[in-house]
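Q: Requesting a structural model of the entry that follows:
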Amino acid sequence: MNYTYLDSLATYGVGGAHPGGLQLTEQLLAREKVNRKSAILDVGCGTGQTAAYIFRQYQCHVTALDNNKVMVDKATQRFRSLRLPINVVKGQTENLPFKNEAFDFILSESVTAFTNIPVSLSEYKRVLKPNGVLLAIEMTAEPLPFTKKEKQFICDFYGVSDLLTETEWRQHFQKSGFHHVKIEKHKHHFVPQDVMYANDFMLSNQIHEKHHEILEQHQQIVSKYKDKLNFRVYRCTV
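A: Residues are numbered from 1 along each chain as shown. Next up, the predicted model:
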């Protein structure tokens with residue numbers, strides 16, 4: 001069976017695998033005007049670590065979405081065990097099952113890069129309320145050029161169509177109707193810790209050794225291309 005990087009994250013149930021981890025998410029949300037009436041969508045919620053934090057911190061309306069059944073099941077298990085009233089939805093970012101202008105905030109933590117980016121961004125804009133905020137923490141290529149072979153290898157490994165630069169990300173946001181795009185580069189590296197030693201796991205009953213190999217290869221890629229592949233925080237509003 002051909003397992004993918006995302007399959008391996010789901011099998012290990014790694015929480016906070018996105019760049020900067022939960023710590024960065026906490027910092028970003030602390031700047032925003034989140035209150036009890038806020039409606040927040042966590043796209044690509046994974047095992048629900050971020051969504052659980054948001055509800056416990058802000059007591060607001062939280063919806064968690066993922067297209068991976070294993071992740072959805074693990075997020076549901078987390079929320080049930082913590083008795084958190086978080087709505088969990090299995091769905092695609094390219095076809096969000098929500099009405100127009102439903103959310104005040106959307107969080108995308110290393111998610112959108114793995115999708116059809118223009119279609120996902122169009123959907124984010126559709127379901128955001130006027131003056132709503134998209135916070136995206138996304139893999140970003142530095143100006144140092146990849147060789148064609150390097151770029152294809154990385155795209156194939158992660159299952160992404162391209163490695164976008166900061167400028168290219170901005171262009172995508174703007175074409176999708178996000179006219180105010182603020183970009184931040186943080187001191188955190190692409191992945192702040194080895195995902196194999198993260199402190200938040202929800203392990204599946206059976207884990208094929210191939211998943212371990214994939215996550216090890218991920219760490220090797222991060223180390224080898226640390227000067228060419230990083231991440232940015234994109235804060236986008238209409």
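
Q: okay, CA-based contacts and neighbour counts for the rest of this
A: Will do.

Q: Next one: D104, what pLDDT does it get?
A: At D104, the model reports a pLDDT of 98.

Q: Assign it to helix, strand or coil.
A: Assigned with DSSP: H, G, I helix; E, B strand; the rest coil, D104 falls in the strand class.

Q: Wait, it touches V133, no?
A: Yes. Counting by Cα atoms under 8 Å, D104 does reach V133; the two are 6.4 Å apart.

Q: where are the low-confidence patches of the chain?
A: Applying pLDDT under 70 to the chain picks out residues 1, 7-17, 187-209, 211.

Q: Break down it into its strands, ranges please.
A: For the chain, the strands defined by DSSP state E cover 39-43, 61-66, 87-90, 103-109, 128-141, 180-184, 229-237.

Q: The last one pairs with which strands, and in what direction?
A: Partner strands and pairing direction for strand 229-237 (DSSP bridges) are strand 128-141 (antiparallel), strand 180-184 (antiparallel).

Q: how about that strand as PDB, C-alpha atoms only?
A: The C-alpha trace of strand 229-237 is given here as PDB (Å, rounded to 0.1, in the frame of the first residue of the first chain):
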ATOM      1  CA  LEU A 229      11.900  25.600   2.700                       C
ATOM      2  CA  ASN A 230      10.300  27.400   5.600                       C
ATOM      3  CA  PHE A 231       6.900  28.800   6.500                       C
ATOM      4  CA  ARG A 232       5.000  32.100   6.900                       C
ATOM      5  CA  VAL A 233       2.000  33.300   8.800                       C
ATOM      6  CA  TYR A 234      -0.600  34.900   6.500                       C
ATOM      7  CA  ARG A 235      -3.300  37.000   8.000                       C
ATOM      8  CA  CYS A 236      -5.900  37.800   5.300                       C
ATOM      9  CA  THR A 237      -9.100  39.900   5.300                       C
END
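
Q: how about the helices in this protein?
A: Under the criterion DSSP state H, the chain contains helices at 5-12, 21-30, 49-58, 69-82, 117-127, 148-158, 166-175, 209-224.

Q: What is the distance between the longest one and the centre of its chain?
A: Remark: helix 209-224 is offset 19 Å from the chain centroid, using Cα atoms, centre = their mean, to the nearest Å.

Q: again with stretch 168-178
A: In terms of Cα atoms, centre = their mean, the centre of stretch 168-178 is found 18 Å from the chain centre.

Q: contacting residues around that stretch?
A: For stretch 168-178, contacts defined as Cα atoms under 8 Å, 6 or more residues apart in numbering pick out 117-118, 121-122, 125, 179-181, 236-238.

Q: Let's see that with 6 Å instead.
A: The contact list for stretch 168-178 (Cα atoms under 6 Å, 6 or more residues apart in numbering) reads 122, 236-238.

Q: Reformat these as JSON lines; add distance to F98 and neighbour count.
A: Listed next are the contacts of stretch 168-178 as JSON lines, based on distance: Cα to Cα, whole Å; neighbours: other Cα atoms under 10 Å:
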{"residue": "S122", "distance to F98": "13", "neighbour count": "19"}
{"residue": "C236", "distance to F98": "20", "neighbour count": "23"}
{"residue": "T237", "distance to F98": "19", "neighbour count": "22"}
{"residue": "V238", "distance to F98": "19", "neighbour count": "18"}
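
Q: and those as TSV, adding distance to P143?
A: Formatted as TSV, these follow (distance: Cα to Cα, whole Å):
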residue	distance to P143
S122	26
C236	22
T237	25
V238	27
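
Q: Go through these and name the one nearest L29.
A: Nearest to L29 out of the contacts of stretch 168-178 is C236 (Cα to Cα; 13.6 Å).
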